[in-house]
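In: show me the folded form of this:
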Amino acid sequence: MTAQTAVATERRTWLNYEQAAEYCGVERTTIWRAVKRGKLSAGGVGRAVRFERAELDRWMRGAHVEATH
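Out: Numbers count the residues shown, from 1 in each chain. Okay, the predicted model is just below:
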């Protein structure tokens, strides 16, 4: 992932679902499940869901990454 593919705002880096999955090394559905279960916070308006990189780091440190099947 390059700096150009992420949206940077006020020193925060926001990633979409695909970028977040690539960053975390998991499938997109794993990210979706974590959001649905309340384990991972997402922001955005409508279908434009974005994840703050710091939130993804917190989620991964908390061992919430589930094995994909």
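
In: low pLDDT regions in this structure?
Out: Residue ranges of the chain with pLDDT under 70: 1-12, 63-69.

In: any chance you could map the strands in it?
Out: Here the chain has its strands, by DSSP state E, at 7-9, 12-15, 43-45, 48-52.

In: redo those as a markdown table? Include mean neighbour count.
Out: For the C-beta atoms, the positions are set from N, CA and C on the backbone; glycine is no exception. Below are those laid out as a markdown table (neighbours: other C-beta atoms under 10 Å):
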| stretch | mean neighbour count |
| --- | --- |
| strand 7-9 | 11 |
| strand 12-15 | 19 |
| strand 43-45 | 10 |
| strand 48-52 | 18 |
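
In: Y23: which of the ones you listed is closest?
Out: Nearest to Y23 among the strands of the chain is strand 12-15 (6.0 Å), distances taken as C-beta to C-beta.

In: skipping adjacent residues, who's closest to the residue positioned nearest the centre of the chain in space?
Out: The centre of the chain sits closest to A20, judged by C-alpha atoms, centre = their mean, with a distance of 3.7 Å. Nearest residue to A20 in three dimensions, chain neighbours excluded: F51, at 4.4 Å (C-beta to C-beta, 6 or more residues apart in numbering).
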